[in-house]
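In: how would this look folded up:
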Amino acid sequence: MKNTIYLLLILISVIMSSCQDVINVKLNNEDLNLYGVEASITPQDGPEVFLYQTMQVNMDEAYPGISGAVVTISDNSTPVNQAILTEDPGNKGHYRPTENIVYPGIPGKEYTLTIKVNGLTLQAKDQLSKVATIDSIQVEPSLRGDKRFLGVFTYGKETPGIGNYYKWDVYVNDTLLHDARRMAIASDEFVDGNYITKLEVFTDFYEKSKEAKDRKLKLNDTVIVNQTSISKFAYNFYFQVINQSSTGSLFSVPPANIRSNFTSSDGKPVLGLFVARDVSTSNKVIITKTLVDQLAPL
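Out: Numbers count the residues shown, from 1 in each chain. Okay, here's the model as predicted:
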């Protein structure tokens, strides 16, 4: 990268092994019916919670949402600012503030999410930090793979002060590219306070034999990036998600439940994450040139 220290960006590409050995895995029911929570709060969207029950790993079904929970969120203000979340009638297990309640996340506040369900109390805390502003994005030939793929690049100044953590969400035609193998997270350990030029937060890897099907960035697509602040715990959580997404490959880590920031009053593990994050949204880019056109000599 020009005039800047390279940012330690974690982007995973899964390399599948060609082994033909078949391994029969014995499953047990030890960790069935655990609770799982996917929850977040941002200044833009306020708090959102999905409460669900876990299932056997060999069941290919959506997690069943859980109704009837009492869900509250509070901050560390004095006096405490608290809101009760209610279940979306058309979306089982999803809880949000009622229509007449506005509860945006505020940078600098610590938030506590408490869920009471079936006689148990699930609880998690997370700190909402101010995010650095994203100046702009570009879609250009990737710096990876001998420029055989398109990449999404961001530009912006990193906030001074060690201890900032980031996650980038890439939207194509207003749809989030939701794939653990393509997740982009970073810490500011080696770039504190620098202006970050041409940081590649997404690479459109695809198989040549399936090019039309696998390609994510196409001509006339619109691309937007949300640069978000995350806590150190969330950073480590996502790092484990990336590692677990490559389970089964040659250098993968052993499969395991990822430690959540939720605790349960019965001492059992809870799956999922409560994340408080600030969001900076980029400009919208329309892809007007194919990869071949961009590589053509001037």
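In: Could you list the low-pLDDT ranges of the protein?
Out: 1-32, 55-61, 211, 246-256, 296-298 (pLDDT under 70).
In: Show me how far the longest helix seen in it is from its chain's centre.
Out: Taking DSSP state H as the criterion, the chain has its longest helix at helix 232-245. Relative to its chain's centre, helix 232-245 lies at 9 Å (C-alpha atoms, centre = their mean, to the nearest Å).
In: Skipping adjacent residues, who's closest to residue 83 in space?
Out: In space, residue 83 comes closest to residue 103 once its chain neighbours are excluded; the distance is 4.3 Å by C-beta to C-beta, 6 or more residues apart in numbering. In this view, the C-beta of every residue, glycine as well, is placed from N, C-alpha and C.
In: coming back round to it: other SSEs contacting the helix or strand that the longest helix of the chain is followed by?
Out: Downstream of helix 232-245, the first helix or strand assigned by DSSP states H and E is strand 263-264. Secondary-structure packing of strand 263-264 (3 or more C-beta pairs under 8 Å, 6 or more residues apart in numbering; DSSP states H and E): strand 120-127.
In: and the helix or strand following the strand it packs on, which strands flank it?
Out: Next helix or strand after strand 120-127 toward the C-terminus (DSSP H and E): strand 136-141. Using DSSP bridges, the strands paired with strand 136-141 are strand 150-157 (antiparallel).
In: For the partner strand, buried residues please.
Out: Buried residues in strand 150-157, counted by 16 or more other C-beta atoms under 10 Å: 150, 151, 152, 153, 154, 156.
In: sorry, back to before: quick one: buried residues of the longest helix of the chain?
Out: Buried, per 16+ other C-beta under 10 Å, within helix 232-245: 233, 234, 235, 236, 237, 238, 239, 241, 242, 243, 244, 245.
In: Now do the contacts for the closest residue to the first one other than its chain neighbours.
Out: Distances taken as C-beta to C-beta, 6+ apart put residue 261 closest to residue 233, at 5.4 Å, once the chain neighbours are dropped. The contact partners of residue 261, by C-beta atoms under 8 Å, 6 or more residues apart in numbering, come to 124, 125, 126, 233, 234, 237, 273, 274.
In: what about residue 261, distance to residue 231?
Out: 9 Å (C-beta to C-beta, to the nearest Å).
In: Good, we can wrap up now.
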